[in-house]
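A.B. asks: show me the folded form of this:
(one chain, ligands or ions: 1)
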Amino acid sequence: MNILALDIGGSKLIAALLFVDDSRFEIYSEAHRALVADCRQEQLLTLIDDAVSELGNITFERVGVTIPGLADPRHGIWIYACFSGIRDFPIAQILSDKYGSKPIAIENDVNACALAEKKFGKCRELNDFLWITVSNGIGGGLILNGEVYSGHFGAAAEIGHFGVVDFMDGCQPPIQCGCGHFGCLEAEAAGPGIAKRYARRLQEQQKLNPSIPVPILPPYTAQKVAELARSGDTIALSVMETTGTLLGKAASYAVNLLNLEAVILGGGVAQSFDLLLPSLEKSFRSRLFQNANPSVKLEQTGLGYRAGLAGAAALTLFQ
Ligand SMILES: [Zn+2]
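C.D. replies: Numbers count the residues shown, from 1 in each chain. As a prediction, this is how the structure comes out:
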């Protein structure tokens, strides 16, 4: 069946036409649009129209929408996203009116990615696993007994707010998280945290040795830090090592709690999985209750940057 997929992120929107069946998806065409911070509902709908008009004339039967923040899939409501002006947005009804009453499925983007990994990726044979998106933020999607587990208030698996750095841990103070607490995984190991840690460590080194060369100029980004690490920069390597350690710590807590078969990492920062892997594995395995979790896997997604679109496609299979 042909479907329209809308992958709405924090900073961009991807619209795509796809073929999807129970075991695979194929992208016919896709269009990208940048989203401004504080994006309002009307602006978003205009951008969706604009992107969809670029896709060509293939007809579609269903629409799958992945959204950041809190979703109410049953009622098709986008409840909230902290970085935008979106509140209680009945997006499914509006799109259904727009597209001739076609069935519309919406879901939180991270939950949808987890579902896509189950349908199309590395976890087809697995029934209990955790997907972690590591990007500008960190989110978790749980598959338990083969289905998305959303929790009582629809916000399960908020692994980004596991406390992983404490004031008592060492010389560096924990970074404050958007949720208000200090030392959350999201604050410490998502893109902005990686950039912040790099800046701190460079500054410390420069205090000790003012003649140390400055390899890159601010603004620092996780991508720049990863590139520097690949070129052998010791500060960047140490930052990626710390990031892996913190992600491994949080993943081990989740597995010890839920006795999962796998933890899958996706998102922009997870593109540097090879740089994270040594410390990630070490930190993860060293904290696991090994006897209860003898063969749990810790891997990068098999879906690449298309995980969001794959997620939107997977949603339409359950309508
Ligand atoms: Zn937090």
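A.B. asks: alpha carbons only for contacts and neighbour counts from here, please
C.D. replies: Fine.
A.B. asks: ok, the spatially most distant residue from the centre of the chain to the ion distance?
C.D. replies: The outermost residue of the chain, judged against the average C-alpha position, is S211 (38.6 Å), by CA atoms, centre = their mean. Counting by CA to the ion, to the nearest Å, the gap from S211 to the ion is 37 Å.
A.B. asks: next one: V225
C.D. replies: The gap separating V225 from the ion is 23 Å, by CA to the ion.
A.B. asks: cool, and S252?
C.D. replies: S252 is 18 Å from the ion, by CA to the ion.
A.B. asks: interface residues of the chain facing the ion?
C.D. replies: Residues of the chain lying close to the ion (CA under 5 Å from the ion) are H161, C177, C179, C184.
A.B. asks: hmm, the second one is touching E186, no?
C.D. replies: Yes. Counting by CA atoms under 8 Å, E186 is a contact partner of C177 at 6.9 Å.
A.B. asks: burial of P278, as a residue count?
C.D. replies: 14 (other CA atoms under 10 Å).
A.B. asks: elements contacting the helix or strand harbouring it?
C.D. replies: In this assignment (DSSP states H and E), P278 forms part of helix 273-287. With contacts taken as 3 or more CA pairs under 8 Å, 6 or more residues apart in numbering; DSSP states H and E, helix 273-287 sits against helix 222-230, helix 234-258.
A.B. asks: Serialize the ones you listed to a markdown table and add fields for mean pLDDT and mean neighbour count.
C.D. replies: Shown next, in a markdown table, are these (pLDDT from 0 to 100; neighbours: other CA atoms under 10 Å):
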| stretch | mean pLDDT | mean neighbour count |
| --- | --- | --- |
| helix 222-230 | 96 | 19 |
| helix 234-258 | 97 | 21 |
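A.B. asks: save those as a markdown table, and put in distance to K118 too.
C.D. replies: Below are those laid out as a markdown table (distance: least, CA to CA, whole Å):
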| stretch | distance to K118 |
| --- | --- |
| helix 222-230 | 28 |
| helix 234-258 | 17 |
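A.B. asks: ranges for the strands of the chain?
C.D. replies: Secondary structure of the chain, counting by DSSP state E: strands at 2-8, 12-20, 25-34, 62-67, 70-72, 77-80, 87-89, 104-108, 129-134, 138-144, 147-149, 262-266, 297-300.
A.B. asks: returning to what we had before: for the residue farthest from the centre of the chain, give me its contacts.
C.D. replies: Residues near S211 by CA atoms under 8 Å, 6 or more residues apart in numbering: none.
A.B. asks: 10 Å instead?
C.D. replies: Q205 (CA atoms under 10 Å, 6 or more residues apart in numbering).
A.B. asks: mind listing what L280 touches?
C.D. replies: L280 sits in contact with 240-249, 251-252, 273-274, 286, 298, where contact means CA under 10 Å, 6+ apart.
A.B. asks: what sits closest to it if chain neighbours are left out?
C.D. replies: Counting by CA to CA, 6 or more residues apart in numbering, G244 is the residue found nearest to L280 once chain neighbours are left out, at 4.1 Å.
A.B. asks: that neighbour and C123, how far apart?
C.D. replies: From G244 across to C123, the span is 22 Å (CA to CA, to the nearest Å).
A.B. asks: where does the prediction get shaky in this protein?
C.D. replies: Filtered on pLDDT under 70, the chain yields the residue ranges 82-83, 169-171.
A.B. asks: show me it divided up by domain.
C.D. replies: Domain segmentation of the chain under automatic domain parsing yields 2-115+306-316, 124-301.
A.B. asks: please name the bridge partners of the most centrally placed residue in the chain.
C.D. replies: Per CA atoms, centre = their mean, the C-alpha nearest to the average position across the chain is that of T133, at 2.5 Å. T133 has these beta-bridge partners by DSSP bridges: G139, G266.
A.B. asks: and it, what does it touch?
C.D. replies: By CA under 10 Å, 6+ apart, the neighbours of T133 are 109-111, 113-114, 139-141, 159-160, 190, 264-270, 301, 307.
A.B. asks: same deal with S23?
C.D. replies: K118, K119, F120, G121, R124, A314.
A.B. asks: try 8 Å
C.D. replies: S23 makes contacts with K119, F120, as judged by CA under 8 Å, 6+ apart.
A.B. asks: and it, how far from the ion?
C.D. replies: 36 Å.
A.B. asks: again, but for C39
C.D. replies: 22 Å.
A.B. asks: isn't I67 up against D7?
C.D. replies: Yes. Between I67 and D7 there is a contact under CA under 8 Å: 6.7 Å.
A.B. asks: returning to that earlier point: got CSV for the strands of the chain, with distance to N291 too?
C.D. replies: Below are those laid out as CSV (distance: least, CA to CA, whole Å):
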stretch, distance to N291
strand 2-8, 40
strand 12-20, 40
strand 25-34, 38
strand 62-67, 37
strand 70-72, 36
strand 77-80, 40
strand 87-89, 45
strand 104-108, 34
strand 129-134, 18
strand 138-144, 21
strand 147-149, 25
strand 262-266, 15
strand 297-300, 14
